[in-house]
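Peer 1: fold the following.
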Amino acid sequence: MTRKVRKAVLPVAGLGTRFLPATKAVPKEMLPIVDRPLIDYAVAEGRAAGIETFIFVTNQRNEPTLRAHFDMVATLEAELAAKDPALVRRLRDGEPPKGSIHCVPQGQPLGLGHAVGCARDLVGDEPFAVILPDDLMDAAPPALAQMVAVHERTGGNVVAVEEVPRELTRRYGVLDIGADDGIMAEVKGLVEKPEPEKAPSTLTVIGRYVLLPEVFEHIAKAERGAGGEIQLTDAMAKMIGRAPFHGLRCGGRRFDCGSRIGFVEAQVGFGLKDPDMRDRLMQFLRASGSEWE
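Peer 2: You can find the predicted model right below:
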């Protein structure tokens, strides 16, 4: 019987150097897309997939801010209660259950694999999800919920994937694929950041994973990969052939909010989904398009 995916690891120890000076005092995960910080979207996606425990892998600078964000602020709610009860309900709806947030320090920034490995004791011996808040997913059903459903059917590892132009393969983990029905692809191999001419395909791993706990055994070997870091891709590759492993195209749209252009695209994309903003934003974009051409 396949065990339920109840826990998610969110690596959030990065310094956000691409967004300086904005991230001098504000963690990158707290930067807002419209009126919600990136970390909120990640937690909401996890809750929609049945995640009960969220493990933030943090650094000393951002942990207090993240904890404060998810704590209930009684004084703020009391002030708002008389003025805007709907806003209070909205704040409460976005709060994960009490006790569901845990933080572990990464210490040294030794790579994504190392960051995930820091959560080993809290994850224990059960399948778990990894959510990279930088990758903001706009999909229906939510991307992680789709992946959990695949895991429940197959009992194996599942990664979210998307096609990229071949010249961009050097930025991603790239799949060597077997059977592929256009939505779900069998994973025969994984290569971290290959040069375009050596990439086995153009199907790349993006920031959502459902993994079996055996991955921790491979991470613990601390073998250095691309960039001299402990790569999660390398640890995952060693599980291929030992359990089912699939890449899932989740549909919808992914915004790479680790880049400035992706962050701005997300602002526009989610702004257009907001009924209070859509018409005014469309007017601005139309006027600006003709003005700047």
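Peer 1: who's in contact with stretch 99-109?
Peer 2: Under the contact criterion Cβ atoms under 8 Å, 6 or more residues apart in numbering, stretch 99-109 has outside partners 11, 13-15, 52-60, 63, 66-67, 70, 114-115, 118-119, 121-122. C-beta: built from backbone N, CA, C; applies to glycine.
Peer 1: any idea how far it is from the chain center?
Peer 2: Chain-centre distance of stretch 99-109: 16 Å, with Cα atoms, centre = their mean, to the nearest Å.
Peer 1: hang on, the earlier thing: buried subset of the contacts of stretch 99-109, written for PyMOL?
Peer 2: With 16 or more other Cβ atoms under 10 Å as the criterion, this PyMOL line picks the buried residues out of these:
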select buried, resi 11+13+14+53+54+55+56+57+58+59+63+66+70+114+115+118+119
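Peer 1: what's the first-to-last distance across stretch 171-184?
Peer 2: 22 Å (Cα to Cα, to the nearest Å).
Peer 1: tell me which of the contacts of stretch 99-109 fall in strands.
Peer 2: 11, 53-58 (DSSP state E).
Peer 1: any chance of those in CSV, with pLDDT and distance to residue 139 too?
Peer 2: Compiled in CSV, those are given as follows (pLDDT from 0 to 100; distance: Cβ to Cβ, whole Å):
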residue, pLDDT, distance to residue 139
11, 95, 21
53, 96, 23
54, 97, 20
55, 96, 23
56, 96, 23
57, 95, 24
58, 92, 27
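Peer 1: let me know the closest of those to residue 265.
Peer 2: residue 11 (22.4 Å; Cβ to Cβ).
Peer 1: show me where the stretch 51-200 of the chain has its helices.
Peer 2: Secondary structure of the stretch 51-200 of the chain (DSSP state H, counting those that start in this stretch): helices at 63-70, 74-83, 85-93, 112-117, 120-123, 143-154.
Peer 1: residue 283 is nearest to which of those?
Peer 2: helix 85-93 (26.2 Å).
Peer 1: number of nearby residues for the closest residue to residue 242 other than its chain neighbours?
Peer 2: The spatial neighbour of residue 242 that comes closest, neighbours along the chain excluded (Cβ to Cβ, 6 or more residues apart in numbering), is residue 214 at 7.3 Å. Per other Cβ atoms under 10 Å, the neighbour tally for residue 214 reads 15.
Peer 1: same check on residue 262?
Peer 2: If we define neighbours as other Cβ under 10 Å, then residue 262 has 17 of them.
Peer 1: please list all residues in contact with the residue nearest to residue 242.
Peer 2: By Cβ under 8 Å, 6+ apart, the neighbours of residue 214 are 239, 242-243.
Peer 1: picking that back up, rebuild the ones in strands among the contacts of stretch 99-109 as a markdown table, extending it with distance to residue 150.
Peer 2: Converted to a markdown table, the ones in strands among the contacts of stretch 99-109 look like this (distance: Cβ to Cβ, whole Å):
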| residue | distance to residue 150 |
| --- | --- |
| 11 | 22 |
| 53 | 21 |
| 54 | 21 |
| 55 | 22 |
| 56 | 25 |
| 57 | 25 |
| 58 | 29 |
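Peer 1: closest one to residue 165 out of those, please.
Peer 2: Using Cβ to Cβ, those come closest to residue 165 at residue 11, 26.2 Å.
Peer 1: for residue 56, see how far away the closest one is.
Peer 2: Using Cβ to Cβ, to the nearest Å, we find residue 11 at a distance of 8 Å from residue 56.
Peer 1: re earlier: of the helices of the stretch 51-200 of the chain, which is nearest residue 162?
Peer 2: Closest among the helices of the stretch 51-200 of the chain, once you apply Cβ to Cβ, is helix 143-154, at 10.5 Å.
Peer 1: what's the closest one in contact with?
Peer 2: 2, 5, 8, 45-46, 48-51, 127, 129, 131, 137, 139, 157-160, 184, 208-210, 244, 246, 248, 250, 252.
Peer 1: give the buried subset of the residues you listed as a PyMOL selection command.
Peer 2: Provided next is the PyMOL selection string for whichever of those are buried by 16+ other Cβ under 10 Å:
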select buried, resi 5+8+45+46+49+50+51+127+129+131+137+139+157+158+159+160+184+208+209+210+244+246+248+250
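Peer 1: shaky segments in the protein?
Peer 2: 1, 72-77, 88, 90-94, 289-293 (pLDDT under 70).
Peer 1: domain parsing for it?
Peer 2: As assigned by automatic domain parsing, the chain contains the domains 7-258, 259-293.
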